[in-house]
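1. Predicted model and sequence follow; I will ask about them next.
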Amino acid sequence: MLWLHLVSRGVAVTELVALVPNQGPTTVLNWVNVTYPSDVASCDEVSFSPADGAAALGAWDGLDLKVNGFKLTGKNYGKNLYGYLNTGRAADDGSCCADTMRIWSQVDGSTRDIDLVAPLAAVFNRSSWAFATHTFDIVEIDGVVAALCMAQFEEDGAELNKAKVDAIVAVSMVRY
């Protein structure tokens with residue numbers, strides 16, 4: 001899983017890419033520089049190098065997530081890194097599901113958690129099964145940072161025989 005942070009240097013582009021541990025003994029992000037010409041035409045033109053100590057990373061340099069990876073995705077927005085987590089309140093079915101959005105500050109490494117269960121339960125109040133899944137994007141809506149969460153819920157109507165269907169739900173990144 002990757003998070004991208006773009007840095008431009010003349011005609012070359014360097015992306016700081018986080019390789020997120022998914023399982024195993026380490027929970028520390030491993031950052032690499034991915035550098036290529038802005039008009040890249042071949043993978044032979046792409047180079048990789050360690051990004052340890054890069055000033056642009058701030059507190060994310062050597063960041064210990066203190067969890068074994070994310071539920072598929074993480075994004076950076078402004079000075080924060082956002083990641084889906086399953087703390088045990090959501091179904092655990094491969095890529096599904098997340099019950100929490102954890103936010104890591106680039107400035108000081110502090111974290112805060114946003115509950116995803118309550119807002120999704122409120123939206124899908126006729127469904128007994130509704131969770132954030134797969135991916136999200138971070139946007140600003142009327143000056144408020146929100147996650148556009150891919151959500152999966154079980155349709156309650158007999159017409160669809162309790163099929164699991166997808167939706168996109170905006171969740172404020174201010175405590176719910």
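-> Perfect, thanks for sending it.

2. quick one: contacts for F70?
-> M1, V20, G83, Y84, L85 (Cβ atoms under 8 Å, 6 or more residues apart in numbering). The way it works is simple: take the backbone N, C-alpha and C, and place the C-beta from them, glycine included.

3. Over to Y82?
-> By Cβ under 8 Å, 6+ apart, the residues touching Y82 are G74, K75, N76, M101, R102, I103, F136, I138, A147, M173.

4. what about 7 Å?
-> Contacts for Y82 (Cβ atoms under 7 Å, 6 or more residues apart in numbering) come out as G74, K75, M101, I103, I138, A147.

5. Can you select the buried ones from the contacts of F70 in PyMOL?
-> For the buried members of the contacts of F70, the matching PyMOL selection, counting by 16 or more other Cβ atoms under 10 Å, is:
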select buried, resi 20+83+84+85
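
6. wait, which of the contacts of F70 is closest to D166?
-> Each of the contacts of F70 was scored against D166 by Cβ to Cβ, and Y84 proved nearest at 15.1 Å.

7. Run through the bridge partners of the closest residue in space to the closest one that isn't next to it in sequence.
-> Once flanking residues are discounted, Y84 sits nearest to A98: 3.6 Å by Cβ to Cβ, 6 or more residues apart in numbering. When bridges are called by DSSP bridges, A98 pairs up with A132.

8. quick revisit: now the contacts of F70 as a markdown table including distance to K164 and secondary structure?
-> Shown next, in a markdown table, are the contacts of F70 (distance: Cβ to Cβ, whole Å; DSSP: H, G, I helix; E, B strand; the rest coil):
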| residue | distance to K164 | secondary structure |
| --- | --- | --- |
| M1 | 23 | coil |
| V20 | 26 | coil |
| G83 | 23 | strand |
| Y84 | 17 | strand |
| L85 | 21 | strand |
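
9. Would you map the strands across this structure?
-> Counting by DSSP state E, the chain has these strands, from start to end: 4-9, 12-19, 30-37, 47-50, 74-77, 80-85, 96-98, 100-105, 111-115, 130-141, 144-154, 164-172.

10. would TSV of those with mean pLDDT and distance to V67 be doable?
-> TSV is the format used below for these (pLDDT from 0 to 100; distance: least, Cβ to Cβ, whole Å):
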stretch	mean pLDDT	distance to V67
strand 4-9	49	20
strand 12-19	86	14
strand 30-37	90	15
strand 47-50	94	23
strand 74-77	87	11
strand 80-85	90	6
strand 96-98	86	12
strand 100-105	94	8
strand 111-115	95	10
strand 130-141	92	16
strand 144-154	93	18
strand 164-172	92	20
